[in-house]
Structure formats: structure tokens, C-alpha cells
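Participant: Quick one: sequence and predicted model below, then my questions.
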Amino acid sequence: MDRRKFLKTGLLGGVPFLTNGCDSIDTINVSKPIVIATWHTSDDANEAAWDVLESGGYALDAVEAGVKVEEADPNNMTVGYGGRPDREGNVTLDACIMDEKGDCGAVVFLKDIMHPISVARKVMEETPHIMLAGEGAKQFALEQGFETQNLLTPKAEQAWQKWLKTSEYKPVVNIENHDTIGMLALDKEGRLSGACTTSGAAWKMHGRVGDSPIIGAGLFIDPEVGAACATGLGEEVVKTAGSALIVELMRQGSTPEEACKEAAQRIVDRNKRENRSLKNTQVGYIALNKNGAYGAYGIQKGFNCRVYNTEVGNQRIDAKHLI
């Protein structure tokens, strides 16, 4: 039996498999390395990241390799190639990346480049800036050797043509028309890194940017504390600086799960004060502290994530929720 089959069959005697929500994930005896990513569909992405981490590789390399799997998958219609377009039929991509030193890079409104996460890393490593946008981001990508590609697949174009018949813009909870892949990793050397990449909300206004490429909203890392990232309706995450909030709550002593719950609660409370319904709103958070403890929480039922380490294998976790 190979390593992956061994881990997935649960033959690690005495290790609890977390199939009933997140009740115990903050207290489980975890070990480095570890990777956690939003949504159960990140199975292959976690495998790619784990291959880097298990061999002693760098967490930043791991998260880049992991999310690139989803960026290249035409069946994932919320990320990269095959992503659902805006209301004018354009596929525009957003991404950010952050390392254990707190250095970061991001691209927004990037067209025709399959791997925005890699362009974001180049922004971090090769420029004096943090974020490049639109044509400037594309120009930089071409200068760095990236190749252009039509990102609108026949499947996504058909979905867009169908949407045009009603042209109704309404996010739907857990139907993955406004979701992303966010990934956090802690390597054997104790280095934290994170990545976040998306094609944004389906049928968005041309030029719309959500939380995913915004440091402090879609992703945040403090090497002395931990890391967090978000998925779901980005406007709600931006309004509460969700990922930075989670890291700060962990600094003050909250477990990763407690911090994710409080960040979700802030969104609920803010909308309640304004008498706004959250019926069609989902936001989910994942967090990882510097010791390897992890947690997740969502506003609505249905948010899940996937964790990979030697204790649990590549394990799906159904997060607890507020509504």
C-alpha cells in the first residue's frame, strides 16, 4: 500500500478522523508540516502542496504549487482557466501570495494568464510593489515570460450565454459561483505561507475585484502568530478585514476556530444592525497558527475545507456555522 492510500484509509492508530465538524481540530496534537485549503474540492491541490512539504520543501512553494492545480482545472469554474466570466464575457483573475516574512504580492483584473498566483509571486519578488492591476499586470506577466491563453472555455461561455437570458446577478450559497481557493501551509522549518486565487464572482460588473487579492481581507499572515484566508462573498470579507481580524484574535489568545467564528460573527452582526438579510450570503474562513493548530468556520451550513498532515491524511472537514 502506497503512502497516500495508507493515510487515507485511517491506519494511523489512535488518530481521530474529523468527520463530524470542527469540534476538536484546535486541540488535536498536530505536527509539521501541514496544509489546509478551502473547500473539499481542493483534494488534488492539497496533494500537490503536500508533495512539496513532505520532501522538506518551502511552504511558499507548496501553496503556489497547490493552488496552481485549481487554476489550471477547467472544471473548477471559480478559479483560473474555465472560470465564469463577468457580465460582458471576460474572464478576469485575482490572486495574492504571502510568505513567512510578511512579504506579499498580488494581481487584480488580470486577463489571459492562466496562473495569476505565479504572477503575484513575481510581483512580490521582482518589483518594489505589492499589487499590479489590469493591463499593467498583464504587461508585467509577459515581461516575466508568462504566455497568454484564452481562459474562456466552451463550458463557461455556454453558462454565460444562458445567464444573459435573465441577466440576474445574485450570489447563491455554496453553489461556487463566488468562491475561491485559499491555502495555508506550515513547513518542517516552521515557515508559514499562504495563497489565494479566484476568477471572482460570476457575472460580476466589468472591473469588479473582491477580497481574494487584498492582503488583510482575503489573506493575512503574521509569522509570530499564524495565518488566515477567506472564501465566499468578497464584499463582506473586505468590509470587516476578515483575515487580518482572525490573525489578531489569535494573537490575543483565541484558537484558530474561535477566531474564525468571531470573524464570521462580525459579518452577521454588521448586517443585522443594517437589517440586511444574509439568506444568499456565504463566507467561510480557515486559519492556521504557528504551532500547526487549525480551524474553520462559516456563516452558512455547507462550508468545508481540506487538511493534509501525517495525523489525518488528506482529510475533509465540514465546518461549523452560525446560520
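Facilitator: Received, thanks. Residues are numbered from 1 along each chain as shown.

Participant: how about the helices of this structure, start to end?
Facilitator: Using DSSP state H, the helices of the chain run over residues 3-8, 43-54, 59-71, 116-126, 134-143, 154-163, 234-240, 242-251, 256-273.

Participant: Tell me how far the last one lies from the chain's centre.
Facilitator: Averaging C-alpha coordinates over helix 256-273 and over its chain gives two centres that are 18 Å apart (Cα atoms, centre = their mean, to the nearest Å).

Participant: Counting by contacts, list what it packs against.
Facilitator: Taking 3 or more Cβ pairs under 8 Å, 6 or more residues apart in numbering; DSSP states H and E as contact, the helices and strands that helix 256-273 lies on are strand 226-232, helix 234-240, helix 242-251, strand 283-289, strand 294-298. Bear in mind the C-beta positions are built from the backbone N, C-alpha and C, glycine included.

Participant: The fourth one: partners in the sheet, and parallel or antiparallel?
Facilitator: Strand 283-289 has these partner strands in its sheet, going by DSSP bridges: strand 226-232 (antiparallel), strand 294-298 (antiparallel).

Participant: Just send the helices and strands packed on helix 256-273 back as CSV, with mean neighbour count too.
Facilitator: Below are those laid out as CSV (neighbours: other Cβ atoms under 10 Å):
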stretch, mean neighbour count
strand 226-232, 31
helix 234-240, 21
helix 242-251, 24
strand 283-289, 30
strand 294-298, 29
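
Participant: for the ones you listed, which one sits closest to residue 71?
Facilitator: Residue 71 lies closest, by Cβ to Cβ, to one member of the helices and strands packed on helix 256-273: strand 226-232, at 15.0 Å.

Participant: Report the angle between that closest one and helix 256-273.
Facilitator: When axes from the mean of the first three to the mean of the last three Cα atoms, to 10 degrees is applied, the directions of strand 226-232 and helix 256-273 differ by 40 degrees.

Participant: and strand 226-232, C-alpha only, in CSV?
Facilitator: Taking Å, rounded to 0.1, in the frame of the first residue of the first chain, the C-alpha atoms of strand 226-232 are listed here in CSV:
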residue,chain,number,x,y,z
GLY,A,226,-0.4,32.5,12.3
ALA,A,227,-2.3,32.8,9.1
ALA,A,228,-5.9,33.0,7.8
CYS,A,229,-7.7,33.2,4.5
ALA,A,230,-11.3,33.6,3.3
THR,A,231,-13.7,32.4,0.7
GLY,A,232,-17.2,33.4,-0.3
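
Participant: so how far is that strand off the chain centroid?
Facilitator: 6 Å.

Participant: sorry, back to before: let's have the strands paired with strand 283-289 in CSV, adding distance to residue 207 and mean pLDDT.
Facilitator: Conversion of the strands paired with strand 283-289 to CSV gives the following (distance: least, Cβ to Cβ, whole Å; pLDDT from 0 to 100):
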stretch, distance to residue 207, mean pLDDT
strand 226-232, 20, 97
strand 294-298, 28, 97
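
Participant: shaky segments in the stretch 51-200 of the chain?
Facilitator: Scanning the stretch 51-200 of the chain for pLDDT under 70 picks out 171-179.

Participant: one step back: Serialize the helices and strands packed on helix 256-273 to TSV and add fields for distance to residue 47.
Facilitator: Shown next, in TSV, are these (distance: least, Cβ to Cβ, whole Å):
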stretch	distance to residue 47
strand 226-232	19
helix 234-240	27
helix 242-251	24
strand 283-289	17
strand 294-298	18
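
Participant: is it true that residue 96 touches residue 211?
Facilitator: No - here residue 96 does not reach residue 211: they are 9.7 Å apart, not a contact under Cβ atoms under 8 Å.

Participant: joint contacts of these two?
Facilitator: Common neighbours of residue 96 and residue 211 (criterion: Cβ atoms under 8 Å, 6 or more residues apart in numbering): residue 218.

Participant: of the helices and strands packed on helix 256-273, which approaches residue 37 most closely?
Facilitator: Residue 37 lies closest to strand 283-289 among the helices and strands packed on helix 256-273, at 7.5 Å (Cβ to Cβ).

Participant: any chance of the strands paired with strand 283-289 in a markdown table, plus distance to residue 182?
Facilitator: Output for these, formatted as a markdown table (distance: least, Cβ to Cβ, whole Å):
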| stretch | distance to residue 182 |
| --- | --- |
| strand 226-232 | 3 |
| strand 294-298 | 11 |
